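Engineer: Sequence and predicted structure are below.
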Amino acid sequence: MNKENTTSRLPVMSGKRAHTSSTDGEQQQPAQKKMRKVDIEPPQRFRSAASVAPPRRPVAVKAPAKPLRPTGAATVAVAPARGDQRKPVAAVPKAAAGSGASRRPGWDLKGKVSDMENKVQNYQGKIKSANQENEYLKDSITKAQKHKAEIEQENSGLKKRLRNCEEELVKLATVKDDLEQTSKERDGLKKDLNKLTEEHKVLEGLRDHLESELRNIQTQLAIQTSALGRCQDSLKESQELARNLEETVAHQREELHLGEMERRKLHNAIQELKGNIRVFCRVRPLLTGNQSDILHIQLPAHDNKALTLAKMEESHTGRTADTQKSYNFSFDRVFGPRAVQREVFEEISLLVQSALDGYNVCCFAYGQTGSGKTFTMEGSDLEELWGVIPRAVQQIFKSAKALREQGWQYTFTASFVEIYNETLRDLLYTGKPNKRPEHEIRKISSNEITVTNLTYQKVNNEDEVHNLIMLANQNRSTARTGMNDHSSRSHSVFQLDIEGQNSDRDTKCKSTLCLVDLAGSERVQKSQSQGDRFKEMTAINSSLTNLGIVIAALANKDSFVPYRNSKLTYLLQNCLGGNSKTLMFVNISPEEESFSESLNSLRFASKVNDCVIGTASANRK
Ligand SMILES: Nc1ncnc2c1ncn2[C@@H]1O[C@H](COP(=O)(O)OP(=O)(O)OP(=O)(O)O)[C@@H](O)[C@H]1O
């Protein structure tokens, strides 16, 4: 609102007032100006008030009837009302008054009085007019005051409105700030929106892709569902079949178990018929030369159980011709020099099977040094040259695996001990040589023998047993170098303790497979041993003799069996008793110079072969 407008809209206000308003207006904020422009209408009352202004009517001046003597009253004039722009009431024309006085002669007092009275009347008229005007002015003042009060009231109202407007303005400023803030936020949101729109587009693309994949999957699912339906049908059929098969399997298992028990019974019966102690004779091939050069050992072509040892004896007198002396022997089986390891083992594999069935089994090789005991029991590294021990171990683990399907679980514990000069030595010892412990044989129950400080190694497969055999050979070869090949003059005993359990049938069995490589059986006289060698030979012969005595006592069913006479028989006590199956190999050297030793060995073996040890029974619970 400009100054001109303010002035033009408030016509009754003084210029100063109008100016003040204008100044105020200039200082006001644009918003206030706007508000004023909108709200303040030209007050109509001011206009009407303007019309209240006293009329500019001329004061009626009556010509005096008589000219009055001019007095000082001529100076009386009505002061114009404040703000009244009217001209002062015209005084009686001076010329008229003056001309009357001047016209009257000095004596014309009457005339003069008349003039004076006119003047008085004139003045009285003037006074009356002034009074009227005064009344009028008073009235105007009253109205103006009233008007002023109204204006003040209106002013205070306007001020109040102004304050309200200012407050509103402040609020609006806050709103503006808020608006700016909101605007910024909106910009930010716009950016976010743009970003989200982009993302939305990407997601839409992804969704389209996924929807198409979903459609594919749904198609596949439909195909799979129908296939599943078919599968479920065939599964039902298969389940039915499986149930039938399970019943058959259970039935067959039962039959198998019964068959297995029957097999064990029959197997044992056969073993009993064969005798619980059996003797096999094995003739070593010549290490050099032609095997047909072996003349003193005769093996009948059609009898694999007989052997004849023949020797030409010179005539003592010289008069008669040389005579041939023959010694016939019969064993459970005789293997000639051409017999291979597999062939030999086949004959004893049934015995090894008995060990898994819960029978104690003892297999030992007897014979003079170099006759092939170690070769028979251990053989060499080549699988086809494996001896009884590795083949027995292989068979045991193979059979145990097969029996697992019938509910049998087996645990195996191996030990390997050497008896030299009636002293025990742990062949599985891995500690320091100078810390080797001493060992004692102890009987811990009626059918259990244990050796103190001996390594009893749990084994789970044949490889582990082969490793133990290698360790034992290492231990023996160490002793061999240090003690002048004492291996020939020591007994080595490999024991495999077998424990079986069939939880389904609540059956347990426990047995020991004992495989022994005996020391060379040379006679003292022949070897002409002396000193340590003599001591060794005495110990060997003593233990071998005791072995014969024990076997004989068992055969005779003696009430006392002298097991404790030697470490060997004490250690083998459980494997030699009535509850065991025993196999003895008698190894024969083919060289002619070994004739006498061979004869001795065969005689010893024959004695053993004649023994019938009581009926073996399985260690079952
Ligand atoms: N059946 C066989 N076929 C081939 N070689 C054999 C046979 N038997 C033994 N030998 C060989 O004869 C030699 C002596 O055999 P071995 O060491 O087994 O005799 P030993 O009776 O154990 O002797 P020791 O009592 O000294 O231990 C070895 O070289 C061995 O390889």
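Structural biologist: Looks like it arrived, so ask away.
Engineer: how deep is whatever residue of the stretch 151-300 of the chain ends up closest to the ligand tucked in, by neighbour count?
Structural biologist: Residue of the stretch 151-300 of the chain nearest the ligand, by CB to the nearest ligand atom: Arg284 (4.1 Å). (Each C-beta comes from the backbone N, C-alpha and C, glycine too.) Residues contacting Arg284 under the criterion other CB atoms under 10 Å number 22.
Engineer: Pull the contacting residues for it.
Structural biologist: Shown in contact with Arg284 (CB atoms under 8 Å, 6 or more residues apart in numbering): Pro337, Gly370, Ser371, Gly372, Phe375, Asn587, Ile588, Ser589, Pro590.
Engineer: that's a strand at Lys143, yeah?
Structural biologist: No. Assigned with DSSP: H, G, I helix; E, B strand; the rest coil, Lys143 falls outside any strand and is helix.
Engineer: Tell me how far it lies from the ligand.
Structural biologist: Going from Lys143 to the ligand by CB to the nearest ligand atom, to the nearest Å gives 159 Å.
Engineer: count of neighbours near that residue?
Structural biologist: 12.
Engineer: State the pLDDT value of it.
Structural biologist: If you check Lys143, the pLDDT there is 91.
Engineer: ditto for Asp485
Structural biologist: At Asp485, pLDDT is 53.
Engineer: try Gln44
Structural biologist: For Gln44, pLDDT reads 43.
Engineer: Does Gln457 touch Ala414 like I think?
Structural biologist: Yes. Taking contacts as CB atoms under 8 Å, Gln457 lies within contact range of Ala414: 5.0 Å.
Engineer: Would you mind telling me which of those two has more residues around it?
Structural biologist: Ala414 (21 against 16).
Engineer: what helix or strand is that one on?
Structural biologist: Using DSSP states H and E, Ala414 maps to strand 408-420.
Engineer: average pLDDT across that strand?
Structural biologist: 93.
Engineer: just for the stretch 351-500 of the chain, where's the confidence low?
Structural biologist: 477-488 (pLDDT under 70).
Engineer: Over to the chain?
Structural biologist: 1-102, 267-275, 314-322, 477-488, 523-531, 578-579, 611-621.
Engineer: From the centre of it, give me the residue that's furthest out.
Structural biologist: Trp107 (153.4 Å; CA atoms, centre = their mean).
Engineer: mind checking the SS state of that residue?
Structural biologist: Classification of Trp107 using three-state DSSP returns coil.
Engineer: so what sits against both of Gln457 and Ala414?
Structural biologist: Shared contacts of Gln457 and Ala414, defined by CB under 8 Å, 6+ apart, comprise Leu428, Leu468.
Engineer: What about the closest residue to Trp386 other than its chain neighbours, how many residues nearby?
Structural biologist: The shortest distance from Trp386 to any non-neighbouring residue, by CB to CB, 6 or more residues apart in numbering, is to Gly379 (4.6 Å). Neighbourhood size, Gly379 [other CB under 10 Å]: 20.
Engineer: who in the stretch 301-450 of the chain is up against the ligand?
Structural biologist: Gly367, Thr369, Gly370, Ser371, Gly372, Lys373, Thr374, Phe375 (CB under 6 Å from any ligand atom).
Engineer: Can you name the residues that contact Ser156?
Structural biologist: Contacts of Ser156 (CB under 8 Å, 6+ apart): none.
Engineer: go on, Ser490?
Structural biologist: The contact partners of Ser490, by CB under 8 Å, 6+ apart, come to Glu418, Ile419, Tyr420, Asn421, Arg425, Ala519.
Engineer: what do you get if the cut-off is 6 Å, keeping everything else the same?
Structural biologist: Listed by CB atoms under 6 Å, 6 or more residues apart in numbering, the contact partners of Ser490 are Glu418, Tyr420, Ala519.
Engineer: Same question for Ile498.
Structural biologist: Ala355, Phe412, Ser511.
Engineer: Now Gly367: closest residue in space, sequence neighbours ignored.
Structural biologist: Using CB to CB, 6+ apart, the closest residue to Gly367 is Asn587 (3.3 Å).
Engineer: State the distance from the most centrally placed residue in the chain to Thr450.
Structural biologist: The geometric centre of the chain, computed from its C-alpha atoms, lies nearest to Asn460 (CA atoms, centre = their mean), at 30.7 Å. Note on Asn460: its distance to Thr450, by CB to CB, to the nearest Å, is 22 Å.
Engineer: what about the helix or strand containing Leu266, distance to the chain center?
Structural biologist: For Leu266, the host element (DSSP H and E) is helix 109-274. Centroid displacement of helix 109-274 relative to its chain, using CA atoms, centre = their mean, to the nearest Å, is 44 Å.
Engineer: go on, stretch 540-557?
Structural biologist: Distance, centroid of stretch 540-557 to centroid of chain: 64 Å (CA atoms, centre = their mean).
Engineer: can you check stretch 442-461 too?
Structural biologist: Distance, centroid of stretch 442-461 to centroid of chain: 43 Å (CA atoms, centre = their mean).
Engineer: then that stretch to PDB, C-alphas only?
Structural biologist: Taking Å, rounded to 0.1, in the frame of the first residue of the first chain, the C-alpha atoms of stretch 442-461 are listed here in PDB:
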ATOM      1  CA  ARG A 442      50.300-116.100  35.100                       C
ATOM      2  CA  LYS A 443      47.200-118.200  35.100                       C
ATOM      3  CA  ILE A 444      44.300-115.800  35.800                       C
ATOM      4  CA  SER A 445      41.400-118.300  35.600                       C
ATOM      5  CA  SER A 446      40.900-122.000  34.900                       C
ATOM      6  CA  ASN A 447      41.100-121.300  31.100                       C
ATOM      7  CA  GLU A 448      43.000-118.100  30.900                       C
ATOM      8  CA  ILE A 449      46.700-117.500  30.800                       C
ATOM      9  CA  THR A 450      48.300-114.100  30.600                       C
ATOM     10  CA  VAL A 451      51.900-112.800  30.400                       C
ATOM     11  CA  THR A 452      52.900-109.800  32.500                       C
ATOM     12  CA  ASN A 453      54.100-106.700  30.800                       C
ATOM     13  CA  LEU A 454      53.500-108.200  27.400                       C
ATOM     14  CA  THR A 455      52.100-106.100  24.500                       C
ATOM     15  CA  TYR A 456      48.500-107.200  23.800                       C
ATOM     16  CA  GLN A 457      47.600-105.200  20.700                       C
ATOM     17  CA  LYS A 458      44.000-104.800  19.500                       C
ATOM     18  CA  VAL A 459      43.800-105.400  15.700                       C
ATOM     19  CA  ASN A 460      41.000-104.700  13.300                       C
ATOM     20  CA  ASN A 461      42.200-106.000  10.000                       C
END
